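Colleague: fold the following and give me the result.
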Amino acid sequence: MAGIGVGVAILAWAEWLNRRWSRTLVGESGGASEAVVVLGYRNPQAAANLINRWRVRVGIRSCAVGSHETRVIFCGGAIGGGTSEAELMADYAKTVLGFEGTVLLEDKSTTTWENITNVIPLLEDVDRIKIASQPAHALKARAYLRRRRPDLAERLVRADDYRPGEWMAVKPLLALYGLWTLRGLKADERKGAV
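Modeller: Residues are numbered from 1 along each chain as shown. A predicted model of the protein is given here:
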């Protein structure tokens, strides 16, 4: 019985942490236009990998319902000289998910910092910005945008990157990995102080 209790506690902790990260460094910015920035993940094969397919689904479900002023920006350069992650994700969104909205590509970056740096010109004229990835990774990207362009960071709103029970079996591992990747953030970035 104690083992079940520990397992439930670990799953609850991972759910809580991912939910918290999803809601950190975001506001309630209004307006008609939005950009959903979908961050890529190492993808050396010729089709979008499991992580990138999930991130594309997060990006698409994060689009405002009925908005004709939403652009989805796929980010990620080519690994090993092949097709860029951005192109692979855009292709998956269009051909598999049937996405027909506005798509832009940022296909030069190889790191999260470069994703944010390179996508800034595509964000200048939108009212709301959503960053789609795993909650910890999206938080890291939001913190980077806040460092680079605090004025744009004020437009950040929550993406639909956290759903209770989604990826439940691996959420504890994602939470541990998230803690490791977020160790470089300042305390106010991790807690959401603006």
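
Colleague: remind me what the lengthiest helix in the chain packs against, helices and strands.
Modeller: The longest helix of the chain (DSSP state H) is helix 2-22. Contact partners of helix 2-22 among helices and strands, from 3 or more CB pairs under 8 Å, 6 or more residues apart in numbering; DSSP states H and E: helix 135-148, helix 171-181. Quick note: C-beta positions are derived from backbone N, CA and C, even for glycine.

Colleague: so what touches the helix or strand just after that helix?
Modeller: Where DSSP states H and E defines the elements, the next helix or strand beyond helix 2-22 is strand 34-39. Contact with strand 34-39 is made by 55-56, 58-59, 62-64, 67, 69-76, 89, 112, 115, 119, 122-123, 126-133, 137-138, 141, 157, 159, as judged by CB atoms under 8 Å, 6 or more residues apart in numbering.

Colleague: what about the closest residue to residue 44 other than its chain neighbours, neighbour count?
Modeller: Nearest non-adjacent residue to residue 44, counting by CB to CB, 6 or more residues apart in numbering: residue 79, 4.5 Å away. Residue 79: 17 surrounding residues under other CB atoms under 10 Å.

Colleague: where in the chain is pLDDT low?
Modeller: For the chain, residues meeting the criterion pLDDT under 70 lie at 1, 66-67, 80-81, 190-194.

Colleague: hmm, back to that, measure the residue nearest to residue 44 to residue 86 for me?
Modeller: According to CB to CB, to the nearest Å, residue 79 and residue 86 sit 12 Å apart.

Colleague: same question for residue 72.
Modeller: Taking CB to CB, one finds residue 72 at 11 Å from residue 86.

Colleague: and residue 14, by the same measure?
Modeller: Taking CB to CB, one finds residue 14 at 29 Å from residue 86.

Colleague: what does residue 183 give?
Modeller: 27 Å.

Colleague: of the two, who's got more company?
Modeller: Set residue 183 next to residue 86 and count neighbours by other CB under 10 Å: residue 86 wins out with 27 against 8.

Colleague: tell me which element the more buried one falls in.
Modeller: Using DSSP H and E, residue 86 falls in helix 85-91.

Colleague: OK, contacts around residue 83?
Modeller: Neighbour list for residue 83: residue 46 [criterion: CB under 8 Å, 6+ apart].

Colleague: list phi and psi for it.
Modeller: Torsion angles at residue 83 (phi, psi; degrees, to the nearest 10) stand at phi -70, psi 140.
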